[in-house]
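Undergrad: Sequence first, predicted coordinates after that:
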Amino acid sequence: MRCKGTDRPTSLDVTITVSLRKKERLTSPRAETPAFLISIGSKPDANLNQTLEIALGDMLRWLIEEKGMKPAEAHLLIGVSASLDLVTLGGSTAVRIPRRQSTDINPPARNTLEALCAR
């Protein structure tokens, strides 16, 4: 790996944890980091609009089905805080939501929209 702008080789230690979730209905790859929830849209021969549609649709399902958000809240959260990224030159895309906002997504505890507006 090279440091950006220095052209000097740099060593890097990386730890990755992979979890197999049997019988899970995933429509695209997902990643969770300490900072983000990430949904990746990818399909052979698809254009950017199609892969973004896949990634956004999966993020919506993730927020609604697994994080317990109401559909309107999930749409608003994505509209307000999501970042859309080009992952590969082949057209894969990603939708990232900051974990600091998604950690409040546990409905019985508090209303997510109220929590976001209070910040």
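TA: Nice, I can see it.
Undergrad: which residues does residue 75 contact?
TA: Residue 75 makes contacts with residue 60, as judged by CB atoms under 8 Å, 6 or more residues apart in numbering. To be clear about C-beta, it is placed using only N, CA and C from the backbone, and glycine gets the same treatment.
Undergrad: name the element it belongs to?
TA: Element membership for residue 75, per DSSP states H and E: helix 71-81.
Undergrad: For that helix, give the mean pLDDT please.
TA: The average pLDDT within helix 71-81 is 93.
Undergrad: Mind checking what helix or strand follows that helix in sequence?
TA: Next along from helix 71-81, by DSSP H and E: strand 83-86.
Undergrad: Pairing partners for the helix or strand that that following strand is followed by, with directions?
TA: Reading on from strand 83-86 to the C-terminus, the next helix or strand found by DSSP H and E is strand 93-98. Strand pairing for strand 93-98, determined by DSSP bridges: strand 36-41 (antiparallel), strand 83-86 (antiparallel).
Undergrad: What lies in contact with strand 93-98?
TA: Counting by CB under 8 Å, 6+ apart, 35-42, 48, 51-52, 54-56, 58-59, 63, 77-78, 81-87 sit against strand 93-98.
Undergrad: I'd like to know which of those are buried.
TA: 36-42, 51-52, 54-56, 58-59, 63, 77-78, 82, 87 (16 or more other CB atoms under 10 Å).
Undergrad: thinking again about what came up before, format the strands paired with strand 93-98 as a markdown table; extra columns: distance to residue 73.
TA: Formatted as a markdown table, those follow (distance: least, CB to CB, whole Å):
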| stretch | distance to residue 73 |
| --- | --- |
| strand 36-41 | 14 |
| strand 83-86 | 19 |
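Undergrad: Please pull out the lowest mean pLDDT helix or strand from the chain.
TA: Lowest by mean pLDDT, DSSP states H and E among the helices and strands of the chain is helix 112-118, with a mean of 49.
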